[in-house]
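# Sequence plus predicted model, see below.
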Amino acid sequence: MTSPGNSVASPPLRKSKIIFGVNKIPPHLLVAASGWASRFIVAATGLFTIRLLTQSLGSERYAVYSILGGLQGWFLLIDFGIGVSLQNHISERRARKEPYGEFISEAALLGAVLLAASTVLLYFIAPHFGSALLKEFPFLSPGEKRTDFFIVGLSAMTMAVGSMVYKIWYAEQKGYLANLVPAVASAISLLAVFLVSRSALVDKLFWSLVASFVPLAVFPVLGLVGKMAKCPKNCRALDPAVLGPLLKRALKFWGFAIMACGVLQIDYLIMSQFLKAPEIVVYNLASKVFNLVFFVYNAVLAAIWPICAEAVATSSWHVVQRYTRKYLVVGGGLIAFATVVFAISMPQLVRLLSPKEPVVVPVLFILLLGFYQMVRVWTDTFAMVLQSMSYLRPFWMFVPMQALLSAGLQLALVPSYGIYGVVVGLIGSFLLTVSWLLPLALQRHIKNVRRQQNI
């Protein structure tokens, strides 16, 4: 196997080779196909996991599980955007046929330092944040709230650092590995949840959290360690010449990620303060079902990200535009089809997921979630293209406004309209800002770059 430090990229627009009379599958299609297979496995294990959890925990403890699980996005911020910065640096190096092993080494070492520091901080804040977040669940003792909060936070932070290896594989156009590992981890997580559900353990909520999240953290860490071990031996630890460019771009992505969390990860925080367990369960089950479909589209976006990055590096703007148009149609069609299917089959799906607890998901709420996912497909596609270009100014300009709108709208609507207020608040924050501002920013940026190249 070629060492990462010596890897080179073939031209991004190369023709397919003929192997035994059959066209070689383009890397991005192989990644996307493996992503769909992986997402199918993750989807299946996720559905079985929900069923096991609702049966073994009951609605109230499952609501606690949902709230804590909804915090993962905040804990993932501890990578400081290094993973995304690393992916783009590798793509650019590959496009220029230059080595990049030193970037992998620096990113992994810095990630380990960040994880250690964040774990210490988490230990001290867990008692306060756990109690505040779970104040509507008096059946949990202060110690249980602290411990449950800590284990989810530690698992998610470990996964954040380990997930750098997924970015490396995507940049190397080996994204099929980035899809295979989470699928295997999800299967092991399902087995662990099953064993916990059938056990005589007293605190099944805590052990269900361990079973659900720890495997997802351990596997990518092992992959990152293996990848780092193959880096050139002459890579210096924390080399300023490499660390500077890596961090400069990473902090920009990190700022964007913080703002994105303010938009997308605020829902469970607000629900934990205003809604009761049954409503939280309805929102969680319906959202989980839709997210399984959206994850499939995310696999496509992750696969074409390095393709767009390499196309930008070689000024192949027509490739960027072609991929954008194509996958907007793919994503929109996927969500539209899923919405119709879920509107028809949601009662059966809910009975499958929660056979013991009576849960009713209204059709109007399903249609509202479907429209929200369509808006996400549109916006996330343009966001991916801009990030692949490392052009983040539009996010700094527009996403803070969106985050304020998201929090403000949800705080205003949720007390009166419950879970409907959550989704309407999210939709409003997109439609009033990034859903039209990001495409406009992309169009203007490409025109400006082309004009400069023609001068």
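Thanks, I have it. Residues are numbered from 1 along each chain as shown.

# what sits against the closest residue to residue 70 other than its chain neighbours?
Among residues not flanking residue 70 along the chain, residue 268 sits closest, at 3.1 Å (C-beta to C-beta, 6 or more residues apart in numbering). Using the backbone N, CA and C atoms, a C-beta is placed for each residue, glycine as well. Residues near residue 268 by C-beta atoms under 8 Å, 6 or more residues apart in numbering: 66, 67, 70, 71, 280.

# How about the first one: what's its closest non-neighbour residue?
What that stands for is residue 66. In space, residue 66 comes closest to residue 284 once its chain neighbours are excluded; the distance is 4.1 Å by C-beta to C-beta, 6+ apart.

# quick one: contacts for the one you found?
If a contact means C-beta under 8 Å, 6+ apart, then residue 284 has 62, 63, 66, 70 as its contacts.

# nearest to residue 102, of the residues you listed?
Minimum distance to residue 102 across the contacts of residue 284 is 36.9 Å, recorded for residue 70 (C-beta to C-beta).

# Output the contacts of residue 268 in CSV; the columns should cover neighbour count and secondary structure.
Shown next, in CSV, are those (neighbours: other C-beta atoms under 10 Å; DSSP: H, G, I helix; E, B strand; the rest coil):
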residue, neighbour count, secondary structure
66, 22, helix
67, 24, helix
70, 22, coil
71, 20, coil
280, 27, helix
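
# hmm, which two among these are most spread apart?
Checking those with C-beta to C-beta, the most distant pair is 71 and 280, at 13.3 Å.

# rewinding a little: can you redo the contacts of residue 268 as JSON lines with pLDDT?
Formatted as JSON lines, the contacts of residue 268 follow (pLDDT from 0 to 100):
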{"residue": "66", "pLDDT": "93"}
{"residue": "67", "pLDDT": "95"}
{"residue": "70", "pLDDT": "90"}
{"residue": "71", "pLDDT": "91"}
{"residue": "280", "pLDDT": "93"}
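
# a markdown table please, covering the residues you listed and showing distance to residue 344.
Listed next are the contacts of residue 268 as a markdown table, based on distance: C-beta to C-beta, whole Å:
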| residue | distance to residue 344 |
| --- | --- |
| 66 | 25 |
| 67 | 29 |
| 70 | 27 |
| 71 | 33 |
| 280 | 25 |
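
# for those, which one is nearest residue 438?
Closest to residue 438, out of all of the contacts of residue 268 and judged by C-beta to C-beta, is residue 70, at 24.9 Å.

# So, low pLDDT: which residues of the stretch 351-455 of the chain?
Where the stretch 351-455 of the chain drops to pLDDT under 70, the residues are 455.

# Helices along that one, start to end?
363-388, 393-417, 419-431, 434-454 (DSSP state H, counting those that start in this stretch).

# tell me which of the contacts of residue 284 is nearest to residue 366?
Checking the contacts of residue 284 one by one against residue 366 (C-beta to C-beta), the nearest turns out to be residue 66, at 18.0 Å.

# I figured that closest one hits residue 281, correct?
Yes. At 6.9 Å, residue 66 and residue 281 qualify as touching, with contact defined as C-beta atoms under 8 Å.

# List the buried residues for the helix or strand harbouring residue 143?
Remark: residue 143 resides in helix 142-162, with elements defined by DSSP states H and E. In terms of neighbour count (16 or more other C-beta atoms under 10 Å), helix 142-162 has its buried residues at 144-162.

# Centre of the chain to stretch 282-292, how far?
Offset of stretch 282-292 from its chain centre (C-alpha atoms, centre = their mean, to the nearest Å): 15 Å.

# now do stretch 191-203
27 Å.

# Report the buried residues of that stretch.
Going by neighbour count (16+ other C-beta under 10 Å), the buried part of stretch 191-203 is 192, 193, 196, 197.

# Now name the helix or strand holding the third one.
Following DSSP H and E, one finds residue 196 within helix 175-197.
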